[in-house]
Every structure is written in structure tokens, then in C-alpha cells.
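**Q** From the sequence below, what's the structure:
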Amino acid sequence: MKKTTAAIFGIVLLSTCLAFGQENPAEKGLSSITMDAIKAQLGFLASDWTEGRMIGEKGEAISADYIASMLQLAGVKPGGDIPLPGGLKSYFQNFVLNKSIPGEDQILTVKTVQGSSSKTVAFTYNTDYTLRISGTTTEVEAPVVFGGYCYLNEKPGYTDFSSIDVKGKFVLRIPGTPQFLSQKISAEEIAAYNRGLESEIRKMGAIGIIDINNNALSLVRLQANDSRSSSPAENNPRPGYISGTYSIPGKAVADNFIRISVTEKTANQILLGTGIDIEEYLRKANAGEQYKITPFNKSIYFKSSVKNIQVPVKNVIGIIPGNNPEKVIVLGAHYDHMGMGNGYIWNGADDNGSGTVGVMTIARAIIATGKKPEKTIVVALWTAEEEGLLGSRYWVQNPTVPIKSVAINVNFDMISRYISENEPKKVTMTYTSSHPVFKDITAANLNKYKIDLIVDYQPSPDPPGGTDHRSFVAAGIPIMRFKPGHREDYHKPTDEISTINWDIMEKIIKISFLNVWDLSEKNW
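**A** Below you'll find the model as predicted:
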């Protein structure tokens, strides 16, 4: 009897041990995601040692080497396109960007025609105006029109620009949107409108935009409602990088659409004698009242010479081979930031040290499952996102795996902030609306693994945003992205480790790993 009891006990014990030994792969991966590991990685990436991770600078090279080392340590295979001795690949996709910097000739004048005579007033570069450098030397003389806010959207029953002929002309405008709109349409709609405004003005045939902004000298990146264009210069000193613009070398002549930013004094000189009162316009527009904008007989002469240099950069690419190499998931985040200037370092802890650490941590968790994924997973850390999504755009144009095999891009950009102090658990999830399975998987994993996040699901056929998933959207590839929210430290030197919300960052990394694992394992 004792022998029988002992045998039964042994069988039960063995079964229990086997059960523990057969832990769910997803749970094994999840257990590898620890706060200590997250803090350690971000502690280096967002330190002064990496000098703001500006493209083409020492800090970016140090960061790329660090990321490649971490991928190698985790067991992620190199996925770059540069062969090493012995036929092996490196972790780097090396390429060059074209950097355009101002040349010696920078001229801006306004000419007023009065009967048979004319009067010309010249403005001083980097005093009265600054500009976004294009890729080619440009010289043009063209009429100028005042467009106010250039608001074109008929939805709230207000427009101040649609009847103005801008073809072949400069458009003098006020950045932003009328204040009353915040009560009529959502902040997301306003942001989407501002992002698309330049494209709309181009379609109308304008040759350039002249923005009125007293902080013109802190404002080379001319994006309405961006902290770089609205913060006082003394609180947001510009980093050295903004003296030029970057582009991917191509077969066509570089875009030469003109973007100028002028001081209020310069704008007043352009409008002198036209009868247009900016203060009166603002009063009416901000209240939702129409202001009659009349044409006037003035023209702008503009000349800008450009010097071009080549800057070597690199994407960091790893790969986790799956059983099906014809189905690929791309995990992506940009690792570059804004560099140094005027005694400040833009360490970019949230933007985008947090997303970079998220991708590296998820890659390690996938390896930690102990199981080969069904789909192949590309681990991509992009360069030059801050310069116009250039690293991800380059990869989409020059993929290291067949682009037709890419099933989804999961993007990570700024994952360590909350939307507001009143909603510390809330995040948004943007995803391609043709794939509701992305929402279903997320909701199921949040519930199953008790991850305490409140998700605002935002499906879209054309998922918005100013970050790298847009390179994939443009190529027709589905995307998914978690985003808590912008905070006051966005694109400022104060985006430091001390401002990180570690709790929400860890939770986003965990739910993202679970989602990626399910997306790899399941048919959808």
C-alpha cells in the first residue's frame, strides 16, 4: 500500500513539474519585461553621453552601437544590408542624407507699385526673417496675398481663405487656427488640419508661405501649433541642428516650395498701405466672424542660395526569423533626437528614448519565449525621424526584406507620458481600421493579463500622426501604435529621465509584446 501511495505521489509530482516546465511562451516573454531593465536601457540612451542623438553626430553613432549591442545580447540576429567578412551581415543599414545649409546669398524684399513708380524695402536675414532651407538655390519674384489663418475647412461654417487666388503667389499667413474653433471641432481635427495645410496651399498653386511669428529666429521648423514655433525663445533655445534641412538623395530636383518666417515688424511693412489691419482680423477671426480680405498690388523678391553636403547615417536593423519568412512584422521606433545647442542637450527621454527601449525590450521578450515565432519579426530603430521620417522612409524604399511580405508595422514613439493628470491610465491606440483584429487582440490581452490601462481605440483608414508609421501607411501597410500624450516637455531640453512615467511605459511595453506575439502566432 505504501509503495502504491508513493508511486501515485511521484506521478503527481512529476506532472506538476512538467506543467511548470511547460509555461506558456507568452508568459515567459512577459516575465522578462522588468522595470529594472527598462530603466537601465533608458538611463544610458537619454544620458548626456549620447549628446541628444543628433543625426550624423557622435552621440547618434554611440547610440546606434549601443542598440546593436543590446540586440546582439538578446539573441536578435543582424538584419542590416552591409555584409561583413565571412558573408555575415551587420546590424546597420547605412545610407547618406543630403543636408542643405544656407549659402551666402539670402535676399528678401517687398516691392510696392504705385502708378508708374515703385518702392522696394529690403529685409535682413536672421533678423527680420528666417526660412526653411530647400535643397536647391531658388530665386523668384511673385505677388503676395494675405491669407489670415488660411482656414479652409467648411465644417464649422467658417472659412477665410477659399475665395483668394493664390496661384503663382506668396501667401502671408498667421500660424495656427482661429480660437473659436476649439469649441466647434476636436483638437485632433485641428491638429490634422494644421498638418495638411501646406499640402492644400501647394495644391492651390502657391509658390510659398510666409508665416508671421515674432519668434522667427527660433522657428526654422515651421509647423503650426508645434512647441518649437510657439514657445518663447528664451525658454526653448534652438539646438544647432536647425541651420539646415535634410533629404534623401533622389533622381528628381529637390523640392523648392518656399517657407519663410517673418517678424511682426516685417509683416507690417509688407501690409503697409493695403488697408488690412492684422489686429482687427484677429479679433474677428478668433470670434468666428468674417473679415473681408482684399487683394493688393505688392510683390516679394526672394533669393536663397544653398550649399549641400552629405551626412552618413544608419538605421539599426535586427531580425528574429520565423517559421514563415513571407509574413513579416516590423517593430519600429526612431532613436534620433535633436542634439545640442546653446549649452543645452535635448536628451529626448520620452522622445524617443522610451520607444527605442520599448522595441529593444519587446525583442528580448520574444527571444525569451523560447519559441520560434511563426511570422518573421524585423526589429528596426530608425534614424532621422526628427528630420521628416527619413530613416523609415528610406527603409520602405530600400527594404531589407521584401516589402510585399510586411503584414504590419507596430510603431513606438513617446510611450512614457500620460494624456492628463486626471487620466493617468488612459492611452490612445491608433490602428488601420480595415483590421479590427488589432483592437480585439488588445482588449483580450488587457483583460487576460490584468494590465491596468484604459485604451481609447482610434481606427482610421489613413492613421494620422507625425511619426514613422506614416512611411508604412503611405506604402499601404497596416499599422498599430500606442500613444499616451504630448506633455509640456515635448521637443525641449527638459525632456529628461526625471519626467518619465515609468508605470505607463512598462504597461505599454507589456501589452505591445503580448499583441505582437499574438499577431505573430495567429492568422489574421
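
**Q** tell me the pLDDT at residue 81?
**A** pLDDT, residue 81: 82.

**Q** make that residue 464, sorry
**A** pLDDT recorded at residue 464 is 86.

**Q** same deal with the one 5 residues further on?
**A** As summarised for this prediction, residue 469 has a pLDDT of 97.

**Q** surely it meets residue 481?
**A** Yes. Judged on Cβ atoms under 8 Å, residue 469 makes contact with residue 481 at a distance of 5.5 Å. Any C-beta I mention is one placed from the backbone N, CA and C, and that applies to glycine too.

**Q** who has more neighbours, the two?
**A** Set residue 469 next to residue 481 and count neighbours by other Cβ atoms under 10 Å: residue 469 wins out with 29 against 23.

**Q** now residue 119, what's its secondary structure?
**A** Using DSSP: H, G, I helix; E, B strand; the rest coil, the structure places residue 119 in strand.

**Q** what sits against it?
**A** Residue 119 sits next to 111, 112 when contact means Cβ atoms under 8 Å, 6 or more residues apart in numbering.

**Q** Do you know the pLDDT at it?
**A** With respect to pLDDT, residue 119 has a value of 91.

**Q** try the one 3 residues further on
**A** At residue 122, the model reports a pLDDT of 96.

**Q** in a helix, that's where residue 408 is, yeah?
**A** No. Going by three-state DSSP, the assignment for residue 408 is strand, not a helix.

**Q** Kindly state the beta-bridge partners for residue 304.
**A** residue 106, residue 138 (DSSP bridges).

**Q** one step back: what sits in contact with each of residue 469 and residue 481?
**A** 411, 430, 463.

**Q** Out of the residues you listed, name the ones that lie in strands.
**A** 411, 430 (DSSP state E).

**Q** which one of the shared contacts of residue 469 and residue 481 sits closest to residue 314?
**A** residue 411 (19.2 Å; Cβ to Cβ).

**Q** Now do the closest one against residue 432, distance only.
**A** 12 Å (Cβ to Cβ, to the nearest Å).

**Q** shared neighbours, the two?
**A** Shared contacts of residue 411 and residue 432 (Cβ under 8 Å, 6+ apart): 479, 480.

**Q** neighbour count winner among the two?
**A** Shown here are residue 411 and residue 432; by other Cβ under 10 Å, residue 411 has more neighbours (30 against 22).

**Q** Quick check: beta-bridge partners of the more buried one?
**A** Here residue 411, judged by DSSP bridges, has bridge partners residue 332, residue 481.

**Q** what's near enough to touch it?
**A** Contact analysis of residue 411 by Cβ under 8 Å, 6+ apart lists 332, 333, 355, 467, 468, 469, 472, 479, 480, 481.

**Q** mind running it again at 7 Å?
**A** By Cβ atoms under 7 Å, 6 or more residues apart in numbering, residue 411 lies in contact with 332, 333, 467, 468, 469, 479, 481.

**Q** my guess is the third one meets residue 382, correct?
**A** Just to be clear, that refers to residue 467. No. Counting by Cβ atoms under 7 Å, residue 382 is not a contact partner of residue 467; they are 9.5 Å apart.

**Q** Comparing those two, which residue is more hemmed in?
**A** Shown here are residue 467 and residue 382; by other Cβ under 10 Å, residue 382 has more neighbours (32 against 25).

**Q** What sits closest to that one if chain neighbours are left out?
**A** residue 391 (3.4 Å; Cβ to Cβ, 6 or more residues apart in numbering).

**Q** pretty sure residue 459 contacts residue 431?
**A** Yes. The criterion here is Cβ under 7 Å, and residue 459 meets it with residue 431 at 5.7 Å.

**Q** Which of those two has more residues huddled nearby?
**A** A direct count of neighbours by other Cβ under 10 Å for residue 459 and residue 431 places residue 431 higher, at 24 against 15.

**Q** Output the lowest mean pLDDT helix or strand found in this protein.
**A** helix 227-230 (a mean of 34; mean pLDDT, DSSP states H and E).

**Q** Just checking: what are the partner strands of whichever helix or strand comes after it?
**A** Next in sequence after helix 227-230, counting helices and strands by DSSP states H and E, comes strand 245-247. Its sheet considered, strand 245-247 pairs with strand 92-114 (antiparallel) by DSSP bridges.

**Q** could you dump the strand it pairs with to PDB, C-alpha only?
**A** In PDB, the C-alpha atoms belonging to strand 92-114 read as follows (Å, rounded to 0.1, in the frame of the first residue of the first chain):
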ATOM      1  CA  PHE A  92      23.300  48.600 -39.700                       C
ATOM      2  CA  GLN A  93      21.600  49.900 -42.800                       C
ATOM      3  CA  ASN A  94      24.000  52.600 -43.800                       C
ATOM      4  CA  PHE A  95      23.000  55.400 -46.200                       C
ATOM      5  CA  VAL A  96      23.600  59.100 -46.700                       C
ATOM      6  CA  LEU A  97      21.300  62.100 -46.400                       C
ATOM      7  CA  ASN A  98      21.600  65.400 -48.200                       C
ATOM      8  CA  LYS A  99      22.000  68.300 -45.800                       C
ATOM      9  CA  SER A 100      21.100  71.700 -47.200                       C
ATOM     10  CA  ILE A 101      22.600  74.800 -45.400                       C
ATOM     11  CA  PRO A 102      22.300  78.500 -46.200                       C
ATOM     12  CA  GLY A 103      24.600  79.900 -48.800                       C
ATOM     13  CA  GLU A 104      26.000  83.400 -48.900                       C
ATOM     14  CA  ASP A 105      23.000  85.000 -50.800                       C
ATOM     15  CA  GLN A 106      19.900  85.400 -48.800                       C
ATOM     16  CA  ILE A 107      17.600  88.200 -50.000                       C
ATOM     17  CA  LEU A 108      14.000  89.200 -49.200                       C
ATOM     18  CA  THR A 109      12.400  92.400 -50.400                       C
ATOM     19  CA  VAL A 110       8.900  93.700 -50.800                       C
ATOM     20  CA  LYS A 111       8.000  96.000 -53.800                       C
ATOM     21  CA  THR A 112       5.000  98.300 -53.800                       C
ATOM     22  CA  VAL A 113       3.700  99.600 -57.100                       C
ATOM     23  CA  GLN A 114       2.000 103.000 -57.100                       C
END
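
**Q** gap between that strand and the chain center?
**A** Here strand 92-114 is found 23 Å from its chain centre; the criterion is Cα atoms, centre = their mean, to the nearest Å.

**Q** now stretch 497-511
**A** That offset, for stretch 497-511, works out to 19 Å (Cα atoms, centre = their mean).

**Q** can you pull the buried residues of that stretch?
**A** If you call a residue buried by 16 or more other Cβ atoms under 10 Å, then stretch 497-511 has these buried ones: 497, 500, 501, 504, 505, 506, 507, 508, 509, 510, 511.

**Q** So which of those are in helices?
**A** Of the buried residues of stretch 497-511, the ones assigned to helices by DSSP state H are 504, 505, 506, 507, 508, 509, 510, 511.

**Q** if I pick the nearest residue to the last one once chain neighbours are set aside, what's in contact with it?
**A** Taking Cβ to Cβ, 6+ apart, and ignoring the residues beside it in sequence, residue 511 has residue 451 as its nearest neighbour in space, at 5.1 Å. When contacts are counted by Cβ under 7 Å, 6+ apart, residue 451 touches 507, 510, 511.

**Q** Confirm that residue 61 sits in a strand.
**A** No. Judged by three-state DSSP, residue 61 forms no part of a strand; its state is helix.

**Q** Kindly indicate which of the buried residues of stretch 497-511 lies nearest residue 70.
**A** residue 509 (14.4 Å).

**Q** Report the separation between the closest one and residue 52.
**A** Applying Cβ to Cβ to residue 509 and residue 52 gives a distance of 23 Å.

**Q** could you pull out the helices for the stretch 51-200 of the chain?
**A** With helices called from DSSP state H, counting those that start in this stretch, the stretch 51-200 of the chain shows them at 58-74, 187-203.
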